[in-house]
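Chemist: please work out how this folds:
(one chain, ligands or ions: 1)
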Amino acid sequence: MNILSKLGQQWRKPTGWPGRLLVRAMNINHSRLNDWGLSHVAIGKHDTILDIGCGGGNTVHKLAGLAAEGKVFGIDFSEESVTVSCRTNKRLIKMGRVEIQHGSVSCLPFSDHMFDLVTAVNTHNYWPDLVADMQEVLRVLKPGGKLMILGGGYKGGKYADRNEKFAELVNLAFLSVDELSERFSMAGYSEVQMFEEYGWGWICGIGRKPS
Ligand SMILES: C[S@@+](CC[C@H](N)C(=O)[O-])C[C@H]1O[C@@H](n2cnc3c(N)ncnc32)[C@H](O)[C@@H]1O
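Modeler: Numbering: from 1, shown residues only. Take a look at the predicted model:
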């Protein structure tokens, strides 16, 4: 395995000290993407929120600031991501406002109808079966709750060539705006909204669980 495909594996599932370094770097690099994405959803003070593929935990931290009297959960199938997320949110975990768990999107360790909002930042392209996994998210959402999927890259747009090379490197298939929108509908979401930040090459999809 060459150095580039090793790096690709780290993006998919961070391991060891390089994985810990990588998710710390992502906390910084994905911060503006997070702010842009979160500006498209209304977050209530008392909301219960889940961030899937929480990486270094920066999204969880931001969400806890927005749902100031609510509770935020993070989940990731990488032990390293869980470790760094716990460190990033140490104070909030002590206060009982944040919980980080180890687990996969395909089998979420949460009861039905628990969350007002579920977020997924730069992770959906790695999920084993996107539509089935989005249906698993649907299970844990409250009726009327929303799933927001954010990506720092997608098929098409300003950075199409760069993204195609990256996708090859990490062995994933980026979706276009229309393809991601279609996945929301196939999984059973309603009122699907798609946003594109052409200049930065970002994509944001939001779907609602029917009431
Ligand atoms: C590129 S990182 C993004 C991390 C973070 N969301 C961010 O934006 O900085 C992808 C994260 O998704 C996690 N992940 C990938 N597939 C997953 C799955 N099937 N279930 C849970 N977590 C997953 C990885 O372990 C990794 O921490």
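Chemist: centre-most residue in the chain?
Modeler: Residue closest to the mean C-alpha point of the chain, counted by CA atoms, centre = their mean, is residue 120 at 1.6 Å.
Chemist: ok but residue 80 is inside a helix, no?
Modeler: Yes: per DSSP: H, G, I helix; E, B strand; the rest coil, residue 80 lies within a helix segment.
Chemist: one step back: and the residue nearest to the centre of the chain, helix, strand or coil?
Modeler: Under three-state DSSP, residue 120 comes out as strand.
Chemist: that one contacts residue 136, doesn't it?
Modeler: No: assessed by CB atoms under 8 Å, residue 120 is found out of contact with residue 136, at 11.6 Å. In short, each C-beta sits where N, CA and C put it, glycine included.
Chemist: could you say which helix or strand holds whichever residue of the chain sits closest to the ligand?
Modeler: Per CB to the nearest ligand atom, residue 55 is where the chain lies closest to the ligand, at 2.4 Å. Using DSSP states H and E, residue 55 sits within no helix or strand.
Chemist: and it, its phi and psi?
Modeler: phi 50, psi -130 (degrees, to the nearest 10).
Chemist: now swap in residue 34 and tell me
Modeler: Per-residue torsions, residue 34: phi -60, psi -50 (degrees, to the nearest 10).
Chemist: can you report how many residues neighbour it?
Modeler: For residue 34, the neighbour count with other CB atoms under 10 Å is 21.
Chemist: residues touching it, list them.
Modeler: By CB atoms under 8 Å, 6 or more residues apart in numbering, the contact set of residue 34 is 58-59, 62, 121, 150.
Chemist: need these in TSV with neighbour count, pLDDT and secondary structure, can you?
Modeler: Shown next, in TSV, are these (neighbours: other CB atoms under 10 Å; pLDDT from 0 to 100; DSSP: H, G, I helix; E, B strand; the rest coil):
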residue	neighbour count	pLDDT	secondary structure
58	24	98	helix
59	31	98	helix
62	18	98	helix
121	24	98	strand
150	24	98	strand
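Chemist: I'd like these as CSV, with distance to residue 72 appended.
Modeler: Listed next are the contacts of residue 34 as CSV, based on distance: CB to CB, whole Å:
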residue, distance to residue 72
58, 12
59, 9
62, 9
121, 13
150, 16
